[in-house]
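K.L.:
how would this look folded up:
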Amino acid sequence: MKLVWSPERATKAYLETVKSCKLFQESGVAELVSAMAAGWNAKFIVETWSQGGPIATSMGLAVASRHTCGRHVCIVPDERSRSEYVKAMSEAGLAVEVVVGEADEAMDGLVGIDFVVVDCNREDFARVPRLAELSQRGAVLVCKNANSKNASGFRWPSVVEGGSRRLVRSVFLPVGNGLDIAHVGSSTGGSSSSAKGKRRWIKHYDQHSGEEHVIRK
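P.N.:
Residues are numbered from 1 along each chain as shown. Next comes the predicted model:
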């Protein structure tokens, strides 16, 4: 199976998120991410959050998980972050599963993830998508605040290269402080180790759309 886009589901999640987040100002990040997660029918959404961070994106993902009947997990670094996150989400009438810990331990046991959102303001933001056990039908990976210094020099091939992962395409969107999005293809039968050793990444930047197309040969 592969990820299949549903415009109807995406629209419903988008509109509900607009209503839920009308008091927040995040330049459309929450609405867009919610529509993407719902539109791709994400069944297992994982995000990262830390104390003091905005909550709108989390609300959008919670809305999306309701539309897909999926699981939504938030990874926080410590108990103070967990307490603040749970309080904010509860006040919004939303319940989300929370895991406390660093990426290595927090990702242990989370299998079949098909939608990931991380914040580039965190120094270890790339570890979560790199360690994620992705769904066999593919996944969408999102880095928000992609214009931050921590994201300087970041490229998706460094995250998805190796194993059965296959980068289909990636795109940078000037929404909020930047959204860097990658679509990882469904698992295939794989290839021999000798063939993998000869493969290389070829990148092409579309100056008109801002998209970065990555092809593995």
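
K.L.:
ranking helices and strands of the chain by mean pLDDT, which lands last?
P.N.:
Counting by mean pLDDT, DSSP states H and E, the chain has its least confident helix or strand at helix 193-198, which shows a mean of 42.

K.L.:
how about the helices in the protein?
P.N.:
Along the chain, the stretches classed as helices by DSSP state H are 7-20, 29-39, 56-68, 79-91, 103-106, 127-131, 157-160, 193-198.

K.L.:
which stretch in those helices has the least confidence?
P.N.:
Of all the helices of the chain, helix 193-198 carries the lowest average pLDDT, namely a mean of 42.

K.L.:
can you redo the helices of the chain as a markdown table with mean neighbour count and distance to residue 144?
P.N.:
Using the backbone N, CA and C atoms, a C-beta is placed for each residue, glycine as well. Putting the helices of the chain into a markdown table (neighbours: other CB atoms under 10 Å; distance: least, CB to CB, whole Å) gives the following:
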| stretch | mean neighbour count | distance to residue 144 |
| --- | --- | --- |
| helix 7-20 | 17 | 15 |
| helix 29-39 | 27 | 6 |
| helix 56-68 | 25 | 7 |
| helix 79-91 | 15 | 16 |
| helix 103-106 | 16 | 16 |
| helix 127-131 | 20 | 12 |
| helix 157-160 | 19 | 15 |
| helix 193-198 | 8 | 31 |
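
K.L.:
rebuild those helices as a markdown table, extending it with distance to residue 140.
P.N.:
Formatted as a markdown table, those follow (distance: least, CB to CB, whole Å):
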| stretch | distance to residue 140 |
| --- | --- |
| helix 7-20 | 12 |
| helix 29-39 | 6 |
| helix 56-68 | 11 |
| helix 79-91 | 22 |
| helix 103-106 | 19 |
| helix 127-131 | 10 |
| helix 157-160 | 12 |
| helix 193-198 | 24 |
